[in-house]
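A.B. asks: Pasting a predicted model and its sequence here:
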Amino acid sequence: MIRADSEALTPERVRSAVFSLTRLGRRGVDEGEVRAFCDWVSGGLERLLGDNAGLQEEVMRLRNRLISGKDKAGPQPEDAHVQAVYVLSRAQQTADRYVADAQEYSMELAQDAQTRRDEVLREAQVRASMILEEAHTAASHAASMVPAAREPLPAAERQELQAEIAYLRTFSDVCRTHLRAYMESLSRSIEQWEQVERRGAAAAVEARESALPASA
Amino acid sequence: MSQIVKSGDSAVDEQRLKESFARVAEYGDEVPLFFYSHLFLTHPETREMFPVSMAVQRDKLVNALGRIVSDVSNHDTLLPFLRGLGRDHRKFAAVAEHYPAVGASLIATLKHFSGSSWTEDLAHDWTEAYGVIAQVMTDAAAEDETQNPAWWSATVVGHERRTMEVAVLRVAPDVPLRYLPGQSVAVECDARPRVWRFYSMANAPRHDGTIDFHVRVIDGGAVSYALARRVSVGTRLRLGAPVGTLLLNTDSPRNLLLAAGSTGLAPLKAIVEQVAGLPDPPQAHLVFGARTAAGLYDLADLEKMAAQWPWLTVTPAVSGEPGYRGEKGTVADVVGRRVRLADHDVYICGSAAMTTATVNRMQSLGMPQDQIYVEDYLWSES
């Protein structure tokens, strides 16, 4: 985990912390447990920060009252102004959290989609090279038959060769169909990926819009 | 300028200022939160100048204030910083009338968090100090106004999606934007109002004034996604003033080694074009790296350039594709393998991880520090 000391400790930071894997042969810790622990710490931190903000408000209110020396019931005009600042501050924090959550969500979606795309591409590459290899073997097999055909061919052998050629034609058709199917499934996966991304972007916009009234 | 320390009654006690700031800064994010809420309540029209999410903005404010306070006695670094800040704020549509409002909210915030330790003297110190800061910033902005617009409006005239992640944009500014190869500008689009991100110009200045940008989609990134996917030919963008220090040292007698990771290619491609215009171009070796061969989004163009210019060599490097037939490994690996470093100046641009790794490799191979050129991102924090 890389961390700059100047970086603020926030619940989001704890939740999204990424730890590098230990080198092979060294003892590590259970990834699931670490993740669960981070979620727990992050939740606690969020609660504490909320409590802290509330307490600070209270301290400021009491301090202002002490400074002004008047312990009248009801808020003073200055108090009212400070209260308004705090209300707006909390609203802004809520908006910030919505935006941060939406961004985090879209980031996760995009990363998932990317991993899946890479897998699909790799698989397609492997299959395509397998098909090519098969075709190559078939072709060299056919080529090895050609010298034999230089001498005049008995009718039976010619028929056999013609059958072989017909078979190879069919086989190459099948290869092409296979390749086309893989390309199509590949482009479908990419479309799916883009849809997922669009949904992520829509979620971000929605979060932003629902956050707007709070910050206006 | 020596106005920060004034003689006579209005002297600012710099030590007192620093201590006061340190006390307030202990309240962390609550301080900028209070400041902006106060500003928006007293001057609601200023809210429009900021993005919906203020989290990044608050960090920027605290960083800038911290830097100003810690450099308060060091005018040689403080003044250029403030002048840059003043010029930079023009693109946010900040005008001289906004400065008193910001000052009032800043003083109110400091007073609020200082509690009982707030005194008349401190109020005086902060008011004086802010007055000088605002003066330096508005002066720099006014001076800049005589030469440059606050921002350059531009139209997208070309948009190519080269890979799943990378798009190449060509934009035409309404009025000419003068810059040096290797520099960047902040870019804003209507899809993400008030959020600016820096992109490097990927070409040396052209006669028709068009500029290319290489945009890589960052997972969860707001602006990069909009520029790569939402923007199309005809979209209007806004560009800030050119900044950046990754510039070609034309006085160096050494050859060039350009190490580009993905879209870090942009400023280095601009530098290659600049070299092509020199009367006696040095030998240049460009190593262009990506994780997969498909990620070498601009290789065709680079190979065309290499075919045209005999002094240019282009080597693609692929780090994450075992079946790749060319140079395998990171940019740092390939550079270390291919080039006699002592004869070269190296210019490096890429992700933070790529830049750090490449700089470290150059150093461990014994390359002197003054032959290594990387972007100094300090300006982007303002």
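C.D. replies: Right, received. Where do you want to start?
A.B. asks: max-length helix in the chain?
C.D. replies: Picking chain A for this. Secondary structure of chain A per DSSP state H: the longest helix is helix A:77-145.
A.B. asks: Let me rephrase: I mean chain B.
C.D. replies: Longest helix in chain B, counting by DSSP H: helix B:120-145.
A.B. asks: Buried residues of the helix or strand following it, list them for me.
C.D. replies: Counting by DSSP states H and E, the next helix or strand C-terminal to helix B:120-145 is strand B:152-161. Within strand B:152-161, the residues that count as buried by 16 or more other C-beta atoms under 10 Å in any protein chain shown are B:W152, B:A154, B:V156, B:H159. C-beta here means a position set from N, CA and C on the backbone, and glycine is covered the same way.
A.B. asks: Please tell me the pLDDT value assigned to A:R63.
C.D. replies: We have a pLDDT of 73 for A:R63.
A.B. asks: can you count the residues close to B:Y225?
C.D. replies: If you count neighbours by other C-beta atoms under 10 Å in any protein chain shown, B:Y225 ends up with 22.
A.B. asks: so where does it fall, helix or strand?
C.D. replies: Using DSSP H and E, B:Y225 sits in helix B:222-225.
A.B. asks: Nearest residue to the residue of chain A found nearest chain B in space, please, no chain neighbours.
C.D. replies: Per C-beta to the nearest C-beta, A:M107 is where chain A lies closest to chain B, at 2.9 Å. Spatial nearest neighbour of A:M107, chain neighbours left out: B:G220 (2.9 Å); criterion: C-beta to C-beta, 6 or more residues apart in numbering or on different chains.
A.B. asks: gap between the one you found and B:V166?
C.D. replies: As judged by C-beta to C-beta, to the nearest Å, B:G220 and B:V166 stand 17 Å apart.
A.B. asks: that older thread, tell me the secondary structure for the residue nearest to A:M107?
C.D. replies: B:G220 carries the three-state label coil when classified by DSSP: H, G, I helix; E, B strand; the rest coil.
A.B. asks: doesn't A:A100 make contact with it?
C.D. replies: No. B:G220 is not in contact with A:A100 according to C-beta atoms under 8 Å; the separation is 9.6 Å.
A.B. asks: Just the pLDDT at the residue of the stretch 151-300 of chain B found nearest chain A, thanks.
C.D. replies: Here the stretch 151-300 of chain B gets closest to chain A at one residue, B:G220, 2.9 Å apart by C-beta to the nearest C-beta. B:G220 is assigned a predicted lDDT (pLDDT) of 74.
A.B. asks: which residues touch it?
C.D. replies: Going by C-beta atoms under 8 Å, 6 or more residues apart in numbering or on different chains, B:G220 touches A:Q103, A:E104, A:S106, A:M107, A:A110.
A.B. asks: count of residues packed around the spatially closest residue to B:L61 that is not a sequence neighbour?
C.D. replies: Leaving aside its sequence neighbours, B:L61 sits nearest to B:P32 (C-beta to C-beta, 6+ apart; 4.8 Å). The tally of other residues near B:P32 (other C-beta under 10 Å) stands at 21.
A.B. asks: Can you give the domain ranges for chain A?
C.D. replies: Domain assignment for chain A by automatic domain parsing gives A:1-70, A:75-215.
A.B. asks: picking up where we left off before, ok, now how distant is the residue of the stretch 151-300 of chain B closest to chain A from B:V331?
C.D. replies: Remark: distance between B:G220 and B:V331 (C-beta to C-beta) = 25 Å.
A.B. asks: Name the surrounding residues that touch the worst-scoring helix or strand of chain B on mean pLDDT.
C.D. replies: Least confident helix or strand, chain B: helix B:331-338 with a mean of 85, by mean pLDDT, DSSP states H and E. Helix B:331-338 has contacts (C-beta under 8 Å, 6+ apart) with B:257, B:259-261, B:285, B:287-289, B:315, B:317, B:319, B:327, B:329, B:341, B:346, B:350, B:354, B:357-358, B:360-362, B:365.
A.B. asks: could you redo the last one with a cut-off of 6 Å?
C.D. replies: Applying C-beta atoms under 6 Å, 6 or more residues apart in numbering or on different chains, the external contacts of helix B:331-338 come out as B:A259, B:G261, B:V287, B:G289, B:A317, B:E327, B:A357, B:T358, B:R361, B:L365.
A.B. asks: And stretch A:51-63, by the same measure?
C.D. replies: A:Y86, B:G115.
A.B. asks: Just give me how far it sits from the chain centre.
C.D. replies: A distance of 39 Å separates the centroid of the chain from that of stretch A:51-63, by C-alpha atoms, centre = their mean, to the nearest Å.
A.B. asks: Residues of chain B that sit close to chain A?
C.D. replies: Residues of chain B lying near chain A by C-beta under 6 Å from any C-beta of the partner chain: B:L33, B:F34, B:S37, B:H38, B:L41, B:V52, B:S53, B:M54, B:A55, B:G115, B:D219, B:G220.
A.B. asks: Looking at those, which has the smallest pLDDT value?
C.D. replies: Comparing the residues of chain B next to chain A by pLDDT, B:G220 comes last, at 74.
A.B. asks: ok, of the contacts of helix B:331-338, which come out buried?
C.D. replies: B:A259, B:G261, B:V287, B:G289, B:A317, B:E327, B:A357, B:T358, B:R361.
A.B. asks: quick one: which of the residues you listed is nearest A:E164?
C.D. replies: Nearest to A:E164 among the buried ones among the contacts of helix B:331-338: B:E327, at 44.2 Å, using C-beta to C-beta.
A.B. asks: which outside residues touch the helix or strand hosting the residue nearest to B:L61?
C.D. replies: Assigned by DSSP H and E, B:P32 belongs to helix B:30-42. By C-beta under 6 Å, 6+ apart, the list of residues contacting helix B:30-42 from outside reads A:84-85, A:88-89, B:24, B:46-47, B:58, B:61-62, B:105, B:108-109, B:113.
A.B. asks: re earlier: for PyMOL, write the select line for the buried members of the residues of chain B next to chain A.
C.D. replies: Only the buried entries of those go into this PyMOL selection, using 16+ other C-beta under 10 Å:
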select buried, chain B and resi 33+34+37+38+52+53+54+55+219+220
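A.B. asks: For the residue of the stretch 151-300 of chain B closest to chain A, which phi and psi angles does the backbone take?
C.D. replies: phi 80, psi 0 (degrees, to the nearest 10).
A.B. asks: could you give the angle of the helix holding B:P32 to helix A:77-145?
C.D. replies: Here helix B:30-42 runs at an angle of 110 degrees relative to helix A:77-145 (axes from the mean of the first three to the mean of the last three C-alpha atoms, to 10 degrees).
A.B. asks: Now do the contacts for B:A294.
C.D. replies: B:A294 makes contact with B:T163, according to C-beta under 6 Å, 6+ apart.
A.B. asks: State the three-state secondary structure for it.
C.D. replies: Following three-state DSSP, B:A294 is assigned to helix.
A.B. asks: hey, where'd the helices end up in the stretch 51-200 of chain B?
C.D. replies: Taking DSSP state H, counting those that start in this stretch as the test, the helices found in the stretch 51-200 of chain B are B:55-70, B:75-88, B:98-114, B:120-145.
A.B. asks: And A:A155, what's its pLDDT?
C.D. replies: So, for A:A155, pLDDT stands at 81.
A.B. asks: Please give the number of neighbouring residues around it.
C.D. replies: 7.
A.B. asks: Now do it against A:L161, distance only.
C.D. replies: From A:A155 to A:L161 the distance is 11 Å (C-beta to C-beta).
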